[in-house]
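Participant: turn this into a structure:
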Amino acid sequence: MDNRCTFNKTERISLQREIDSLFKQGKVFTSYPLRVFFLEQKPFSGATVSFLVSVPKKKFKCAVKRNRMKRLIREAYRLNKFSLIENYKEKESGLLIAFIFIGDELCDWKEIETAMHKTLNLLK
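Facilitator: Predicted structure coming up:
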């Protein structure tokens, strides 16, 4: 396995049909401040696990704040994704994940990382 903590284009959900199937057929749970949609399906990109991050404009009107939250969520996922990816490689399966921020105010790194640890442990 490549242990570099990087993101490739293949690890991001970009096809509309994948997004539609994730939100229509996927399961959902909440790990505050994240709502997580997931669907066990091999991504079309060929990656084992693909994800997307969304921070609603309704919660944060200022783009700077939305982008900050998206960066924190992506970073928390990037640093903790390896056990999840290994688990799905062993199963020879795939996973689509959507992280939706549902908090009302900006969170710090510790809150996001704790929620991400909880989320990834539930998805294993």
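
Participant: in the chain, which ranges drop under the pLDDT threshold?
Facilitator: The model of the chain has pLDDT under 70 over residues 1-4.

Participant: all strands for it, in order.
Facilitator: Taking DSSP state E as the test, the strands found in the chain are 27-31, 34-39, 49-54, 95-101.

Participant: out of these, nearest to E75?
Facilitator: strand 49-54 (10.4 Å; CB to CB). The C-beta positions use only the backbone N, C-alpha and C, and glycine is treated the same way.

Participant: quick one: list the elements packing against that closest one.
Facilitator: Applying 3 or more CB pairs under 8 Å, 6 or more residues apart in numbering; DSSP states H and E, one finds that strand 49-54 makes contact with helix 63-80, helix 82-91, strand 95-101.

Participant: can you tell me what sits against it?
Facilitator: Residues outside strand 49-54 that contact it (CB atoms under 8 Å, 6 or more residues apart in numbering): 10-13, 18-19, 43, 70, 73-74, 77, 81, 84-85, 88, 94-101.

Participant: just the buried residues of those residues.
Facilitator: Among the contacts of strand 49-54, those classed as buried by 16 or more other CB atoms under 10 Å are 11, 13, 18, 43, 70, 73-74, 77, 81, 84-85, 88, 94-101.

Participant: number of residues surrounding L106?
Facilitator: L106 has 15 neighbours, counted by other CB atoms under 10 Å.

Participant: what about the closest residue to it other than its chain neighbours, neighbour count?
Facilitator: Nearest residue to L106, sequence neighbours excluded (CB to CB, 6 or more residues apart in numbering): K65, at 6.1 Å. Here the number of neighbours of K65 (other CB under 10 Å) works out to 14.

Participant: cool, R35 as well?
Facilitator: Counted with other CB under 10 Å, the neighbours of R35 add up to 16.
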